[in-house]
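> take a look and give me a structure for this.
(chains A and B)
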There are 2 protein chains.
Amino acid sequence: MNVTGIVVEYNPFHNGHALHARQSKIKTNADIIVAVMSGNFLQRGEPALISKWARTKMALAAGVDIVVELPYVFATQHAEVFAQGAISILKEIGANAVCFGSESGEISDFTSLSTFIKEHEKTYSTFIKEALKEGYSYPKASALAFKKLDQQHEVIDLSLPNNILGYHYVKAISEQGAQITPFTIKRTNAQYHDQEIPEHSIASATSIRETLIKKNKQLTAIEHVVPKTTYNELKNYTNMYDGFQNWEQLYPFLKYKVLTADLSQLQSIYEAEEGLENRLKNIITNTISFQQLMEQLKTKRYTWTRLQRFCLHTLTNTTKEDMSIRENTCPYIRILGMTNNGRNYMSTQKKKLGVPLISTISKLDHPFIYIESRATSCYSLGYPSSVQKKLIKEEYAHPPIIV
Amino acid sequence: MNVTGIVVEYNPFHNGHALHARQSKIKTNADIIVAVMSGNFLQRGEPALISKWARTKMALAAGVDIVVELPYVFATQHAEVFAQGAISILKEIGANAVCFGSESGEISDFTSLSTFIKEHEKTYSTFIKEALKEGYSYPKASALAFKKLDQQHEVIDLSLPNNILGYHYVKAISEQGAQITPFTIKRTNAQYHDQEIPEHSIASATSIRETLIKKNKQLTAIEHVVPKTTYNELKNYTNMYDGFQNWEQLYPFLKYKVLTADLSQLQSIYEAEEGLENRLKNIITNTISFQQLMEQLKTKRYTWTRLQRFCLHTLTNTTKEDMSIRENTCPYIRILGMTNNGRNYMSTQKKKLGVPLISTISKLDHPFIYIESRATSCYSLGYPSSVQKKLIKEEYAHPPIIV
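A predicted model of the protein is given here:
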């Protein structure tokens, strides 16, 4: 039985994601596709456009067999931790392949890079530390360190978001001793950060979100770039929840939090470093939107993503103490949804799991679960009060979606 | 020079308040009327309908010479602490009389009660403790203790809000050794809790607020029960701030705070006792309005006011530690506004003050100032984002209003 893992956000699911799932299946000759998907908050420190449940339905309707949640404590972190969490879940669930999209498209680039860096690990981390000291962000520092390490080596551009993730998947597989073969598919057409919807059928998730949020929920404008089932789900979603989630809806709560917390409370927030909390407090009083806040907060020293993640942890009250208990592997498997095919696989697999398999989070008492449900409470507060309760309740009681 | 103090909330200023100011002036033969006024949050644990600055203008236009702020740390507390703060300000500012409205209307009732209780202080406090243990609220417990103390004595009904305040003014005068003579005026016509606007010219502040908030800002409906200047100020205010403040506008922030704070953070909040924080956390997830929350939170054990104050301190992040530094007297005098008459008086008086006189709060570094401005930040967040900055800035930089 070939089980292939993919690591996804599906924010929202679109034709490019469907293509990636199909290509992964073909390339790895997979019987089962397992998607490890971030929950309500994403790696760039943003809320998902639509809830984890709606995104799960989209994925199951378009070729994914099992959707497992990547917990908040991994999903909202830089590539290294993100990848550790995702690979540990895939290892536990019995995946024997992982297939990721990358700008490079050549798996040998990643494996040789991983081997090379392993051989020069100490030098590499010294270089990273030096670059961090000089004020560069972590991704930039890694890229610089690598360039410095070997000008001769065939370097993948590690400042590209999918390359750096790919590198860390391969690294995590090796570190965790997982029996997982890595594959990569070259990303085509849509660039990650494109903001306009193209005429052909593949668009970036960014452009889809921009269209849905800024251009007044114009669903028809994105109809040709998402599967039919996704389109219907998006339509249902706007009817049920009166719109999509985005940072602007959560901004008033962030502002409230920052203005009422004292400095020691802000300093206890994860990723509060070097007076960033002070800077946030000084700036937020004078801003009236999240966009405005971010523009004023941005400096050369910090990436937009780094700052957005700090804002997110402030919003969700995620402290350094909360994150200090993070392990490198995920301590449970939370299934968000399965097809019949996926369910058959899980019924054979579940006895072999080394960590608890949870159908609803109310079944397990773990600090990560508490952090997850707190994050979902925040997420729900961006919606009209009439549906908040439903969203919060779902977090505790929603069983996996079976299609 | 006769200086008479009155202790007020003016939420909002109305004909009954104007009458009280005039009667106080006549009864005490006053040259100067000093109003000690609560800031943006009030004794019942509610936000003021309109900001402290707008209420100051109303007061100065209707017979008050000086408006001094009663800081949050006194203004949002039960009668004893509230009165200690107010009397200490009046003592410092050189008032030789205080004149309060009461259901009783006879000052001898208060002075004899005060003397009597002083003589039986130990027994009295034992009785209060016993009643508190039985689960009664503090006001109810005081009333019961007193009844028990002497069935024969002419008892004022201490469960009536103005009687209990009056008693504590008289008590605070005695405790602080203030050279202040207490006077009282019988409250007429409007009952404190009336909800309907009467046809005559005196209405309760409660009925005015209800009309303005619930009945869609019907200013004309309250025109005959407020001075012309108040009416114009209310009109200005709705134009400038797009409406009035009330708990419903702040409820989303309270909900956010309770859902994201962990239990130890909630336990650190002032007035979090006996698992009240747990009860709040359990209930708030399922409510969609402040009214609904309060109705579900209410038990026989706690008064509505007690619970509302706990919600307020949770909202403003006012902790037990913050309140532990509270002294029985106010450590500064913050003038919110003066008439020319009031200014002349203050210019002779200011050299004699034993505490700092502050024109803007940015001039003093004191924990109470920090608590005050944090409360104002909360208050401002209930308004549209376009005016929040103005309200927060005013708190720091607004000089006293001079008319």
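> going by C-alpha atoms from here, please, whenever you check contacts or count neighbours.
Noted.
> which outside residues touch stretch A:100-116?
The contact list for stretch A:100-116, computed with C-alpha atoms under 8 Å, 6 or more residues apart in numbering or on different chains, reads A:6-7, A:20, A:24, A:154-156, A:160, A:162-163, A:166-167, A:170-171, A:182-187.
> meant to ask about stretch A:332-340, not that
Contacts for stretch A:332-340 (C-alpha under 8 Å, 6+ apart): A:52-53, A:56-57, A:60, A:64-69, A:89, A:355-361, A:399-403.
> one more time with 6 Å
A:65-69, A:355-358, A:400-403 (C-alpha atoms under 6 Å, 6 or more residues apart in numbering or on different chains).
> and the residues you listed, which two are furthest apart?
Using C-alpha to C-alpha, the pair of the contacts of stretch A:332-340 lying farthest apart is A:Val355 and A:Val403, separated by 24.8 Å.
> just name the shakiest helix or strand of chain A by mean pLDDT.
helix A:138-149 (a mean of 75; mean pLDDT, DSSP states H and E).
> buried stuff in it?
A:Tyr138, A:Pro139, A:Lys140, A:Ala141, A:Ser142, A:Ala143, A:Leu144, A:Ala145, A:Phe146, A:Lys147, A:Leu149 (16 or more other C-alpha atoms under 10 Å in any protein chain shown).
> of those residues, which is the nearest to B:Glu233?
A:Tyr138 (54.7 Å).
> for the contacts of stretch A:332-340, which entry has the maximal number of neighbours?
Counting neighbours by other C-alpha atoms under 10 Å in any protein chain shown, the top entry in these is A:Val67, with 32 neighbours.
> strands paired with the helix or strand hosting that one, and their directions?
Using DSSP states H and E, A:Val67 sits in strand A:66-70. Strand pairing for strand A:66-70, using DSSP bridges, gives strand A:32-38 (parallel), strand A:333-338 (antiparallel).
> can you show me the CA trace of it as CSV?
Only the C-alpha atoms of strand A:66-70 are listed here, as CSV (Å, rounded to 0.1, in the frame of the first residue of the first chain):
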residue,chain,number,x,y,z
ILE,A,66,-7.4,11.8,4.6
VAL,A,67,-7.1,15.3,6.1
VAL,A,68,-5.1,15.6,9.3
GLU,A,69,-4.7,18.8,11.2
LEU,A,70,-1.3,20.4,11.7
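> rewinding a little: of all the strands paired with strand A:66-70, which one is nearest B:Asn239?
strand A:32-38 (44.9 Å).
> next structured bit after that closest one?
helix A:52-60.
> do me a favour and average the pLDDT over that next one.
Averaged across helix A:52-60, the pLDDT comes to 97.
> which SS state does A:Thr299 fall under?
At A:Thr299, secondary structure determined by DSSP: H, G, I helix; E, B strand; the rest coil is coil.
> and what of the one 10 residues further on?
Three states are possible here, and by three-state DSSP the one that applies to A:Arg309 is helix.
> the closest residue to it other than its chain neighbours: neighbour count?
Leaving aside its chain neighbours, A:Arg309 sits nearest to A:Gly45 (4.0 Å; criterion: C-alpha to C-alpha, 6 or more residues apart in numbering or on different chains). Residues near A:Gly45, counting by other C-alpha under 10 Å, number 22.
> for chain B, see how far away A:Gly45 is.
As for A:Gly45, its distance to chain B is 17 Å (criterion: C-alpha to the nearest C-alpha, to the nearest Å).
> quick one, what contacts that residue?
Counting by C-alpha under 6 Å, 6+ apart, A:Gly45 makes contact with A:Thr76, A:Gln308, A:Arg309, A:Leu312.
> and the buried ones among the contacts of stretch A:100-116, selectable in ChimeraX?
For the buried members of the contacts of stretch A:100-116, the matching ChimeraX selection, counting by 16+ other C-alpha under 10 Å, is:
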select /A:6,7,20,24,156,160,162,163,166,167,170,171,182,183,184,185,187
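> tell me which entries of the contacts of stretch A:100-116 lie within strands.
A:Ile6, A:Val7, A:Pro182, A:Phe183, A:Thr184, A:Ile185, A:Lys186 (DSSP state E).
> which of those residues lies closest to A:Thr285?
Using C-alpha to C-alpha, the ones in strands among the contacts of stretch A:100-116 come closest to A:Thr285 at A:Val7, 37.8 Å.
> ok, that closest one - contacts?
So A:Val7 contacts A:Ala35, A:Val36 (C-alpha under 6 Å, 6+ apart).
> is it bridged to anything, and to what?
A:Val36.
> before we move on, the earlier item: packing partners of the least confident helix or strand of chain A?
Of the remaining helices and strands, those touching helix A:138-149 by 3 or more C-alpha pairs under 6 Å, 6 or more residues apart in numbering or on different chains; DSSP states H and E are helix A:121-133.
> end to end, how far does stretch A:68-83 reach?
14 Å (C-alpha to C-alpha, to the nearest Å).
> would you mark the buried spots in it?
A:68-83.
> any idea of the pLDDT on whichever residue of the stretch 101-250 of chain A sits closest to chain B?
Per C-alpha to the nearest C-alpha, A:Leu250 is where the stretch 101-250 of chain A lies closest to chain B, at 10.2 Å. Looking at A:Leu250, its pLDDT is 97.
> what's the answer for A:Gln151, then?
So A:Gln151 comes in at 57 (pLDDT).
> next: the one 5 residues further on.
Note for A:Ile156: predicted pLDDT of 74.
> ok, A:Thr111 next?
88.
> number of residues surrounding it?
Neighbours around A:Thr111, by other C-alpha under 10 Å: 17.
> CA atoms only: put the helix or strand hosting A:Phe110 into CSV for me.
Per DSSP H and E: A:Phe110 is located in helix A:107-119. Presented in CSV, the C-alpha positions along helix A:107-119 are these (Å, rounded to 0.1, in the frame of the first residue of the first chain):
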residue,chain,number,x,y,z
ILE,A,107,14.4,16.3,-5.6
SER,A,108,18.1,15.7,-6.0
ASP,A,109,18.6,19.4,-5.3
PHE,A,110,17.1,19.0,-1.9
THR,A,111,18.6,15.7,-0.9
SER,A,112,22.1,16.8,-2.0
LEU,A,113,21.6,20.1,-0.2
SER,A,114,20.5,18.2,3.0
THR,A,115,23.5,15.9,2.9
PHE,A,116,25.9,18.7,2.2
ILE,A,117,24.6,20.9,5.0
LYS,A,118,24.6,17.9,7.4
GLU,A,119,28.3,17.4,6.6
